[in-house]
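**Student:** what follows is a predicted protein model with its sequence.
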Amino acid sequence: MEVLTRLLALSPWEKLADLHGLLSMAALILLGAGIALFFTTRKADAMIDWLKRVLLFLFVDLALLDLAGLTVYMQYRAEGGPRSLLLASESTAWLHQVVFEHKEFLAFAPPLIILAAYLVTRALGKRFNDEDVKPLRRSVGFALGASLVLVLLVAAEAVLVTKVAPVK
Amino acid sequence: MEQNDTHIPTANGALISVALSLHVFWILNLFKEASPSVKEWLTFYNPVGPLSGLFIVSLVAFVLLLLVLSPLRIKNQQFSLWFFIVSTVLFALMVFPPVFKIFVE
């Protein structure tokens, strides 16, 4: 009960930052499912529909993740917020100028890359495993792998920054 | 077969539109870093700063590119795949501050 009371006592910005983290965890789970399904489609055509569904869910999750991130970013860059705190000291300024900036820019790519993978999978339909569309099939595999790397990188950079200056 | 062949250019168009919008993002970011007036123009919403403009302009570019590329019916799958891969890698590099600051300075 105390846990619940303390969770409810968190500020709205802290709750939103937690939701942002939750959405990124969901993205990692869906990326794992997507990669597993991508390889399974070679054995069973029926899995193509499941891959398409997972890619659509993943796109929605990543879009919401970016939206939540941009909302939390308002508090991050507000006067007296974590950005001011980081820039105030020479030893922590790089965390904003390099790490956080990179994280914010990188976050743009995963939803779009996954949207491309979804559109390719939807366009190919049952022909997904055909030899004559192999390059397009490979683009879906690349999209899943690249998004996984980018989401992991963004998450690692976020942890690095929020350990020093959390959003409150 | 005819119906599926119609769908290959759609898939190619999606890959190239996404790749080009990633280029729009990092090139616009270079201009933003180099010019205070571009930075100001990109500040569509003050609490988010120029990042709001970067996201919105690049997303609008994606939608427009998708509409423009559809009638072109791009058939070359190898080109689409490699353009998509190279663009994604280049994007990840060009939004890294120590890299893009070399071009700005």
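**Tutor:** Arrived safely.
**Student:** out of the helices and strands in chain B, which is least certain?
**Tutor:** Of all helical and strand segments in chain B, the minimum by mean pLDDT, DSSP states H and E falls on helix B:2-34, at a mean of 89.
**Student:** and that one, how far out from the chain middle?
**Tutor:** With CA atoms, centre = their mean, to the nearest Å as the basis, helix B:2-34 stands 6 Å off its chain's centre.
**Student:** does anything pack onto that helix? Which helices or strands?
**Tutor:** Counting contacts by 3 or more CB pairs under 8 Å, 6 or more residues apart in numbering or on different chains; DSSP states H and E, helix B:2-34 packs against helix A:101-106, helix A:109-124, helix A:134-164, helix B:36-42, helix B:50-69, helix B:77-94, helix B:97-104. (Glycine included, C-beta is placed from N, CA and C.)
**Student:** can you do 7 Å?
**Tutor:** If you count contacts as 3 or more CB pairs under 7 Å, 6 or more residues apart in numbering or on different chains; DSSP states H and E, helix B:2-34 packs onto helix A:109-124, helix B:36-42, helix B:50-69, helix B:77-94, helix B:97-104.
**Student:** neighbours around residue 78, how many?
**Tutor:** No chain was given, so I picked chain A. A count of nearby residues for residue A:78, using other CB atoms under 10 Å in any protein chain shown, gives 14.
**Student:** hmm, I had chain B in mind actually
**Tutor:** 11.
**Student:** skipping adjacent residues, who's closest to the spatially most central residue of chain B in space?
**Tutor:** Nearest to the mean C-alpha position of chain B, by CA atoms, centre = their mean, lies residue B:21 at 1.5 Å. Using CB to CB, 6 or more residues apart in numbering or on different chains and skipping residues adjacent in sequence, the residue nearest residue B:21 is residue B:62, 3.7 Å away.
**Student:** I'd say the one you found and residue A:111 touch.
**Tutor:** No. With contacts counted by CB atoms under 7 Å, residue B:62 stays clear of residue A:111, the gap being 10.3 Å.
**Student:** and the pLDDT at the nearest residue to residue A:105 once chain neighbours are set aside?
**Tutor:** Nearest in space to residue A:105, with sequence neighbours left out and distances taken as CB to CB, 6+ apart, is residue B:95 at 3.6 Å. We have a pLDDT of 96 for residue B:95.
**Student:** backbone phi and psi for residue B:95, please?
**Tutor:** With angles defined as degrees, to the nearest 10, residue B:95 sits at phi -100, psi 10.
**Student:** repeat that for residue B:47.
**Tutor:** Note on residue B:47: backbone dihedrals following degrees, to the nearest 10 are phi -60, psi -30.
**Student:** need the contact list for it.
**Tutor:** Neighbour list for residue B:47: residue A:74 [criterion: CB atoms under 7 Å, 6 or more residues apart in numbering or on different chains].
**Student:** pull the number of nearby residues for residue 23.
**Tutor:** No chain in the question, so chain A it is. 18.
**Student:** nope, chain B
**Tutor:** By other CB under 10 Å, the burial measure for residue B:23, its neighbour count, is 16.
**Student:** which bits of chain A sit near chain B?
**Tutor:** A:70, A:73-74, A:77, A:97-98, A:101-102, A:104-106, A:108-109, A:112-113, A:115-116, A:119-120, A:123-124, A:127, A:133, A:135-136, A:138-139, A:142, A:146, A:150 (CB under 7 Å from any CB of the partner chain).
**Student:** are any of these buried, and which?
**Tutor:** The neighbour-count test (16 or more other CB atoms under 10 Å in any protein chain shown) applied to those identifies A:70, A:73-74, A:77, A:97, A:101-102, A:104-106, A:108-109, A:112-113, A:115-116, A:119-120, A:123-124, A:127, A:133, A:135-136, A:138-139, A:142, A:146, A:150 as buried.
**Student:** CA-only coordinates of the lowest-mean-pLDDT helix or strand in chain A in CSV, if you can.
**Tutor:** In chain A, no helix or strand scores lower on mean pLDDT, DSSP H and E than helix A:2-8, which sits at a mean of 88. What follows is helix A:2-8 as a C-alpha-only set of coordinates in CSV (Å, rounded to 0.1, in the frame of the first residue of the first chain):
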residue,chain,number,x,y,z
GLU,A,2,2.9,2.3,0.9
VAL,A,3,4.4,1.7,-2.6
LEU,A,4,1.1,2.7,-4.2
THR,A,5,0.9,5.9,-2.1
ARG,A,6,4.5,6.8,-2.9
LEU,A,7,3.9,6.2,-6.6
LEU,A,8,0.8,8.4,-6.6
